[in-house]
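take this sequence and fold it.
(4 chains)
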Number of protein chains: 2
Amino acid sequence: MSTQQRRERERARRHDLIVTTARKLAESEGWDAVTTRRLADEIEYSQPVLYSHFAGKDAIVAAVALEGFTELAARLRAATRTGEPRAALEGLARAYLAFAEENPALYDAMFTMAVDLPFGQDDTPEPLRDGFQALLSGVAQFAGGRDPAILTEVAWSALHGLIVLSRGGRLPASGREARLTLLLDQLGAAR
Amino acid sequence: MSTQQRRERERARRHDLIVTTARKLAESEGWDAVTTRRLADEIEYSQPVLYSHFAGKDAIVAAVALEGFTELAARLRAATRTGEPRAALEGLARAYLAFAEENPALYDAMFTMAVDLPFGQDDTPEPLRDGFQALLSGVAQFAGGRDPAILTEVAWSALHGLIVLSRGGRLPASGREARLTLLLDQLGAAR
DNA sequence: TTCTCTGTCTAGCGGTGCTAGAATCCGAGG
DNA sequence: CCTCGGATTCTAGCACCGCTAGACAGAGAA
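Alright, predicted model coming up:
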């Protein structure tokens, strides 16, 4: 039985190797550079090996994205710890923006590329749920009479919009801080 | 000289044919279906003809996007005509959302795919400028003490975020109206 | 009628994601 | 220790992609 276990252990290691290599490659050279040939070359195996671990390239991207959701959730949780509501909201927003800025390729995989991750459904993976919950618990503090879930969704949308429009050059880099301040003011104001 | 003019006229017609065919194809079967072979087949010419009109596939997508910006600007201008500020803002937002919903592929070309359109620069094409101006003139009415440009950028980001997150299934379809209402309330409230 | 030049097409290059079938390795049984 | 069987990995190839060189045809001028 021991050899069986060793095999599985090695398989798991290689599985992780594929995911981390894909992520590293995407982060350093962009997702366009992550081809199955290049990825296979990087992990020093042949292409078909990838397909013994994942259904296809999309599944690899999805695995990277999942890793991202775990990390994002952790960072958001860490940022919610502040006491005062407004500061908590600001910390949360800044943590979210920082994550997106520090891991652009990862963020893309999470929110722009991988469409096949089941989001608000019964079989939604834990990390996806957790990320939204982290946002929610931070936002809910000063929801006032407003629906905390709706408020969270709107806040999230606004942050995501800022990120993706800034990245594409649609928004000037200069107004970054001013936009964030205004957004926080508007969200914070009870109606 | 007449034959020369006829030639140019025919070229212009074919140019438009390529753009409208690409758009129609993208809208009906998604951008993945828009390959140079398929597109050439659809307009009943061979592939190289495409390259005598456009530098590459990206340029075709950019041309489609440009068409989209013209239409979006027109719709936003039409929606700003309302008198009362809050109603104008709502009309503007609804027009924007409706445009994105009715032309998903076009919207993608404008805001997700074509990265090579120069946005906030000196050589920014007229339609791009016009679209933002239309938003700005609508939003500016109730900016109060706030910077109208910044407010516009934030409002735009929020709308864009709502659209793109909804499309990917990240946001439940159910809360759509509630999110819009809350967003309008928050943006409308002077701080 | 012949020549030229513009415009179009056929054929092909190097790349992509993915896979069938050959080859190889490794542990088990004689 | 050797041989066999099954799992694992690789080589080679498919159909497709964006793009282009060079052959070809057809219209207008001389």
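
just checking, next helix/strand downstream of the longest helix along chain A?
Using DSSP state H to define each element, chain A has its longest helix at helix A:2-29. Going down the chain from helix A:2-29, the next helix or strand is helix A:36-42, by DSSP states H and E.

that older thread, and the longest helix of chain A, which residues are buried?
A:14, A:18-19, A:21-23, A:25-27 (16 or more other Cβ atoms under 10 Å in any protein chain shown). Bear in mind the C-beta positions are built from the backbone N, C-alpha and C, glycine included.

for B:Glu42, see how far away the closest residue to A:Leu17 other than its chain neighbours is.
In this structure, A:Leu17 finds its nearest non-sequential neighbour in A:Ile43, 5.4 Å apart by Cβ to Cβ, 6 or more residues apart in numbering or on different chains. Relative to B:Glu42, A:Ile43 is positioned 40 Å away (Cβ to Cβ, to the nearest Å).

what do you get for A:Arg7?
51 Å.

quick one, domains of chain A?
Using automatic domain parsing, the domain ranges for chain A come out as A:1-53, A:61-188.

got the contact list for A:Ser157?
Shown in contact with A:Ser157 (Cβ atoms under 8 Å, 6 or more residues apart in numbering or on different chains): B:158, B:161-162, B:165, B:171, B:179.

let me fix that: A:Ile150
B:175, B:178-179, B:182.

pipe those into JSON lines and attach neighbour count per row.
Converted to JSON lines, the contacts of A:Ile150 look like this (neighbours: other Cβ atoms under 10 Å in any protein chain shown):
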{"residue": "B:Gly175", "neighbour count": "17"}
{"residue": "B:Ala178", "neighbour count": "16"}
{"residue": "B:Arg179", "neighbour count": "23"}
{"residue": "B:Leu182", "neighbour count": "20"}
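
ok, so of those, who is nearest A:Leu187?
B:Leu182 (9.6 Å; Cβ to Cβ).

and the contacts of the host helix or strand of that closest one?
B:Leu182 belongs to helix B:176-188 when assigned by DSSP H and E. The contact list for helix B:176-188, computed with Cβ under 8 Å, 6+ apart, reads A:146-147, A:150-151, A:153-154, A:157-158, A:186-187, A:189, A:191, B:85-86, B:89-90, B:93-94, B:97, B:142, B:151, B:154-155, B:158-159, B:162, B:166, B:171.

in it, what counts as buried?
Within helix B:176-188, the residues that count as buried by 16+ other Cβ under 10 Å are B:178-180, B:182-188.

distance check, the one residue in chain A that gets nearest to DNA strand C against A:Val49.
Residue nearest to DNA strand C within chain A: A:Gly56 (2.7 Å; Cβ to the nearest atom of the strand). Per Cβ to Cβ, A:Gly56 is found 13 Å from A:Val49.

repeat for A:Leu165
Distance from A:Leu165 to A:Val49, by Cβ to Cβ: 39 Å.

neighbour-wise, which of the two wins?
A:Leu165 (20 against 14; other Cβ atoms under 10 Å in any protein chain shown).

for chain B, what are the nearby residues on chain A?
Contact residues, chain A versus chain B (Cβ under 8 Å from any Cβ of the partner chain): A:111-112, A:115, A:118-120, A:146-147, A:149-151, A:153-154, A:156-162, A:164-165, A:168-172, A:175, A:178-179, A:182-183, A:185-187, A:189, A:191.

thought A:Ala95 was touching A:Leu76?
Yes: taking contacts as Cβ atoms under 8 Å, A:Ala95 lies within contact range of A:Leu76: 5.7 Å.

give me the neighbour count for the closest residue to DNA strand D within chain A.
Using Cβ to the nearest atom of the strand, the closest approach of chain A to DNA strand D is made by A:Ser46 at 3.5 Å. Using other Cβ under 10 Å, A:Ser46 has 11 other residues around it.

quick one: residues contacting the closest residue to it other than its chain neighbours.
Closest residue in space to A:Ser46, ignoring its immediate chain neighbours: A:Ala40 at 5.6 Å, by Cβ to Cβ, 6+ apart. Counting by Cβ under 8 Å, 6+ apart, A:Ala40 touches A:46-47, A:49-50.

at 6 Å what do you get?
Neighbour list for A:Ala40: A:46-47, A:50 [criterion: Cβ atoms under 6 Å, 6 or more residues apart in numbering or on different chains].

please apply the same query to A:Gly120.
Here A:Gly120 is in contact with B:Pro172 (Cβ under 6 Å, 6+ apart).

helix, strand or coil for it?
What DSSP: H, G, I helix; E, B strand; the rest coil gives for A:Gly120 is coil.

nearest to A:Phe132, of the buried residues of helix B:176-188?
The closest of the buried residues of helix B:176-188, once distances to A:Phe132 are taken by Cβ to Cβ, is B:Arg179, at 14.3 Å.

what pLDDT does the closest one get?
Note for B:Arg179: predicted pLDDT of 98.

could you measure from it over to B:Arg77?
25 Å.

could you find the closest non-adjacent residue to A:Asp58?
A:Asp58 sits nearest to A:Asp116 (Cβ to Cβ, 6+ apart), 6.2 Å away.

repeat that for A:Phe142.
A:Pro85 (4.0 Å).

next, the buried residues of whatever helix or strand A:Ala134 lives in.
Following DSSP H and E, one finds A:Ala134 within helix A:126-139. In terms of neighbour count (16+ other Cβ under 10 Å), helix A:126-139 has its buried residues at A:127-128, A:130-132, A:134-139.
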